[in-house]
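K.L.:
Output the structure for:
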Amino acid sequence: MTPAEDLNGPQLQAVNTIEGPLLIIAGAGSGKTRVITCRIANMLDRGIPQSAILALTFTNKAAREMEARVKELTGKKLQNLTVSTFHAFGAKVLRDEIEALGYRSNFSIYDEVDRDQVIKDSLHECKVSTEGVDLYALGQLFSNVKIGRVSWGHGANSEYEHVYEEYQRNLKLYNALDFDDLLALPIRLFERYPEILSTYRSRYRYIMVDEFQDTSFIQYRLMKLLVSGTAGSAPRNICVVGDDDQSIYSWRGANYENIQRFEEDFPGVMEIKLEQNYRSTTTILEAANGVISNNTNRKEKRLWSGNGGGKPIEIFYPKNESDEADFIAEQIKRIKFHEYMRYDDFGVLLRTNSMSRAIEEAFLSLNIPYRMSGGTSFFQRKEIKDILSYLRLIANLEDDVNLLRIINTPRRGIGKTSIAAISELASKNRSSLWDAMTRFSRAEDALFQEAMGRADVQEFMALIEKSREEMLGKRGLSQKTRSLVEKIDYWGYLVTEFSKNEKLARWKFGNIESLIQSMVVWENDPDNLDPTLYPYLNRISLITRDDGDGDADKGKVNLMTIHSSKGLEFPVVFIAGAEEGIMPHARSVEEGEGSIEEERRLFYVAITRARDKLFITSCRTRRKQQSSSECQPSPFLAEIPQHLIERHEAVQKTSEDEDAEAAAFFTRMKALYT
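P.N.:
Here you go, the predicted structure:
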């Protein structure tokens, strides 16, 4: 028997149940990965050949981790064990069998860029103008049709059906597949050629599917084809592991109802629930149970823990997102200091990554290192980098990197030929690009007497030089930055770039307004004695720095979307923005009860990321674009059993608090050295 001394009763039952259909309902933190790997190791110890086992999961990282843990448990080489994502398994099948569908086995797999080009070619061949066509949206439509989420005439825009057919013909002509083909074509292959399907059914006699609540309908179809036997045959050996309470990916096709579908398709299925949580305190689990019990369409389960009662959940109601961010940053500093914790012991969870700016600013002001997951850092968004590049060039004319970034953003007629000529001159004279532009604009070098674009270069240089006069060493940076944004007509640039998606253009322009508002706050800080351009840029540069000190213990705070936090855990968790319209998201309220239940599952996932301590913040007001709106607390907060909660107003730290912390610090230091 595989070493499993530390497994509890239901875990051990799951590991030892090898034959027939098995449904494992694995609650958050219940040790599911341990169960899966022990179950595979147990099958190998019982003499089941590696080649007869197929384990399917959702990410390459999860597949590698699963295989490594099985190898560690068994000490065996695993050349013939198939642990794979659904898409990688589909590709493996097609490499061997796709010629039956009229393709060659050396097919290419197109990424999104390649796919969009084929769509563009197909539009042209169908004599449909590409003017104003959102290729991303059309690609999503084609994807949804291919995987069966919509059909032409039923949720799909039939105007593009003939373009889709041309797109399919072109893919086959190029001997290429898109990502969805890796699932759709194996299904077509198995349904058309029963003898090929029979070969795979004979080969893979033991199948496992991890994160089953995240399977889409097309993935379920593929699994069912592999597992279903002939009429009257014994039930095949299929084990699926999942938790309907953690199904949070419907927007990418996941369907938690596959659990119910599995029970209907495989009568006599054994069900095992893993309810003992090894991660969190009883307080946190009771809170999670209280929230998720309000969902109606779910498997009944109740997480429990042997980790003790734990600290109460603390809910704070800061005045606005700026106070919220300051509170989170100060609490992290305080807890780290008093409880000897590392920065990477903290997780800060957001409903959307657009909420990150104020928190990133607060971390920056307190020198808290962090990493952003599941979204782009506010200061790494293109529109923000564009404006900061203007400011950096204004501050330092020798900054070639930022000059190249914005010399033609927005487009101003400085084409590739002009840029190449300027770069050649800079290389020839071993000078900066700005110096070369000066020569170019004044035609000091005969080589460029007839160069095109000189007037545009001169206009660009005049803009930068005028801005230097206005900004360097002077106050009013925020207003002058807003004026610069207007002068370059960045709004017009966004409208042109996103001509068919004005909502996205407005969102990006709103990010620039948020940047300017953050400048206003920084300028008005009474402790800021020099609110001018150079100190501002030095401050912003720190936000994307690499620590580079090699101090692994120091770590970084984990700032992430709730979606990205799934599967992770932290000793201390902050859930920010627990307000109506954010949790649940306003869009889900419009879409109805099913979407509200998914938002509740998302909140449940957020709660269960915490091991020891959970803070939740709900702002009284929150800025949207250029105005502040009053906020109501998330209705999910009322679903947490109230005896588990301590409610507070977020209080600014006083100078007396800071003095007390300083005194405590020196007392501790003295104790260490006496």
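K.L.:
Point out where the stretch 351-500 of the chain drops to low pLDDT.
P.N.:
Residue ranges of the stretch 351-500 of the chain with pLDDT under 70: 374-375, 443-453.
K.L.:
likewise the stretch 101-250 of the chain?
P.N.:
For the stretch 101-250 of the chain, the ranges with pLDDT under 70 are 154-156, 229-235.
K.L.:
any idea where the strands of it begin and end?
P.N.:
All strands of the stretch 101-250 of the chain, identified by DSSP state E, counting those that start in this stretch, fall at 108-109, 151-152, 155-156, 176-177, 206-209, 237-242.
K.L.:
Of the ones you listed, flag the one that's most buried.
P.N.:
Greatest average neighbour count among the strands of the stretch 101-250 of the chain goes to strand 237-242 (a mean of 24), per mean count of other C-beta atoms under 10 Å. Yep, even glycine has a C-beta here, placed from its N, CA and C like the rest.
K.L.:
Alpha carbons only: can I get that strand in PDB?
P.N.:
Coordinates of each C-alpha in strand 237-242 appear next as PDB, following Å, rounded to 0.1, in the frame of the first residue of the first chain:
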ATOM      1  CA  ASN A 237     -13.000   3.300 -13.900                       C
ATOM      2  CA  ILE A 238     -13.500   7.100 -13.800                       C
ATOM      3  CA  CYS A 239     -12.700   9.400 -10.900                       C
ATOM      4  CA  VAL A 240     -13.500  13.100 -10.900                       C
ATOM      5  CA  VAL A 241     -12.400  15.400  -8.200                       C
ATOM      6  CA  GLY A 242     -14.000  18.900  -7.700                       C
END
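K.L.:
Show me what it is packed up against.
P.N.:
strand 22-26, helix 32-45, strand 206-209, helix 258-265 (3 or more C-beta pairs under 8 Å, 6 or more residues apart in numbering; DSSP states H and E).
K.L.:
rerun at 6 Å
P.N.:
The contact analysis (3 or more C-beta pairs under 6 Å, 6 or more residues apart in numbering; DSSP states H and E) places strand 237-242 against strand 22-26, strand 206-209.
K.L.:
By residue count, which strand of the chain is the longest?
P.N.:
strand 610-617 (DSSP state E).
K.L.:
So for the very next helix or strand once past that one, what gets flagged as buried?
P.N.:
Using DSSP states H and E, the helix or strand that follows strand 610-617 in sequence is strand 621-624. Buried positions in strand 621-624, judged by neighbour count with 16 or more other C-beta atoms under 10 Å: 621-623.
K.L.:
picking up where we left off before, give me the contacts around the longest strand of the chain.
P.N.:
279-280, 284, 311, 313-316, 318, 324, 569, 571-576, 578 (C-beta atoms under 6 Å, 6 or more residues apart in numbering).
K.L.:
repeat that for 7 Å
P.N.:
Strand 610-617 is touched from outside by 279-281, 284, 310-311, 313-316, 318, 324, 327-328, 331, 569-576, 578, 607, 637, with contacts defined as C-beta atoms under 7 Å, 6 or more residues apart in numbering.
K.L.:
Name every strand pairing with that strand and say which way it goes.
P.N.:
Strand 610-617 has its sheet partners listed here by DSSP bridges as strand 313-316 (parallel), strand 570-575 (parallel).
K.L.:
Quick check: which of the ones you listed is buried the most?
P.N.:
Among these, ranked by average contacts under mean count of other C-beta under 10 Å, first place goes to strand 570-575 (a mean of 24).
K.L.:
how about the CA coordinates for that one, as PDB?
P.N.:
C-alpha atoms of strand 570-575 as PDB (Å, rounded to 0.1, in the frame of the first residue of the first chain):
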ATOM      1  CA  PHE A 570      -1.800  32.900   3.100                       C
ATOM      2  CA  PRO A 571      -1.600  33.300   6.900                       C
ATOM      3  CA  VAL A 572      -3.100  36.800   6.600                       C
ATOM      4  CA  VAL A 573      -5.600  37.800   3.900                       C
ATOM      5  CA  PHE A 574      -7.200  41.200   3.200                       C
ATOM      6  CA  ILE A 575     -10.300  41.300   1.000                       C
END
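K.L.:
I'd like the average pLDDT over that strand.
P.N.:
Mean pLDDT, strand 570-575: 98.
K.L.:
which other residues reach it?
P.N.:
By C-beta under 7 Å, 6+ apart, strand 570-575 touches 328, 335, 341, 345-349, 558, 606, 609-617.
K.L.:
Also stretch 517-526?
P.N.:
Stretch 517-526 is contacted from outside by 322, 357, 361, 477-478, 481, 528, 531, 536, using C-beta under 7 Å, 6+ apart.
K.L.:
how far is it from where the chain is centred?
P.N.:
Relative to the centre of its chain, stretch 517-526 is centred 30 Å away, using C-alpha atoms, centre = their mean, to the nearest Å.
K.L.:
likewise stretch 331-340?
P.N.:
Put simply, stretch 331-340 sits 27 Å off its chain's centre (C-alpha atoms, centre = their mean).
K.L.:
who touches it?
P.N.:
Contacts for stretch 331-340 (C-beta under 7 Å, 6+ apart): 341, 343, 346, 366, 368, 557, 572, 615, 661.
K.L.:
ok, and for that stretch, which residues are buried?
P.N.:
Residues 331-333, 335-336 are the ones in stretch 331-340 that count as buried (16+ other C-beta under 10 Å).
K.L.:
Could you list the low-pLDDT ranges of the stretch 551-674 of the chain?
P.N.:
Along the stretch 551-674 of the chain, segments meeting pLDDT under 70 span 551-554, 625-626, 650-674.
K.L.:
show me where the stretch 351-500 of the chain has helices.
P.N.:
Secondary structure of the stretch 351-500 of the chain (DSSP state H, counting those that start in this stretch): helices at 356-365, 382-395, 400-406, 416-429, 433-442, 454-471, 477-487, 490-497.
K.L.:
orientation of the helix ranked longest in the chain relative to helix 382-395 in degrees?
P.N.:
Longest helix in the chain, counting residues (DSSP state H): helix 502-523. For helix 502-523 against helix 382-395, the angle by axes from the mean of the first three to the mean of the last three C-alpha atoms, to 10 degrees is 40 degrees.
K.L.:
For the helix or strand following helix 502-523, name the packing helices and strands.
P.N.:
Moving toward the C-terminus from helix 502-523, the next helix or strand (DSSP H and E) is helix 533-541. Applying 3 or more C-beta pairs under 7 Å, 6 or more residues apart in numbering; DSSP states H and E, we find helix 533-541 packed against helix 382-395.
K.L.:
CA atoms only: put the longest helix of the chain into CSV for me.
P.N.:
Provided in CSV are the C-alpha atoms of helix 502-523 (Å, rounded to 0.1, in the frame of the first residue of the first chain):
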residue,chain,number,x,y,z
GLU,A,502,-15.5,53.2,-26.8
LYS,A,503,-16.1,51.6,-23.4
LEU,A,504,-12.5,50.3,-23.4
ALA,A,505,-11.2,53.7,-24.6
ARG,A,506,-13.1,55.4,-21.8
TRP,A,507,-11.7,52.9,-19.2
LYS,A,508,-8.1,53.5,-20.4
PHE,A,509,-8.7,57.3,-20.3
GLY,A,510,-10.1,56.9,-16.8
ASN,A,511,-6.9,55.2,-15.8
ILE,A,512,-5.0,58.3,-16.8
GLU,A,513,-7.4,60.4,-14.8
SER,A,514,-6.7,58.1,-11.8
LEU,A,515,-3.0,58.7,-12.3
ILE,A,516,-3.5,62.5,-12.3
GLN,A,517,-5.7,62.2,-9.2
SER,A,518,-2.9,60.3,-7.5
MET,A,519,-0.6,63.2,-8.3
VAL,A,520,-3.1,65.6,-6.7
VAL,A,521,-3.1,63.6,-3.5
TRP,A,522,0.7,63.4,-3.5
GLU,A,523,1.0,67.2,-4.1
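K.L.:
how far out from the middle of the chain is that helix?
P.N.:
22 Å.
K.L.:
So which bits of that helix are buried?
P.N.:
505, 508-512, 514-519, 522-523.
K.L.:
Same check on stretch 58-66?
P.N.:
58, 62-63, 66.
K.L.:
could these be laid out in JSON lines, adding secondary structure and pLDDT?
P.N.:
As requested, the buried residues of stretch 58-66 are arranged in JSON lines below (DSSP: H, G, I helix; E, B strand; the rest coil; pLDDT from 0 to 100):
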{"residue": "Phe58", "secondary structure": "coil", "pLDDT": "85"}
{"residue": "Ala62", "secondary structure": "helix", "pLDDT": "86"}
{"residue": "Ala63", "secondary structure": "helix", "pLDDT": "87"}
{"residue": "Met66", "secondary structure": "helix", "pLDDT": "90"}
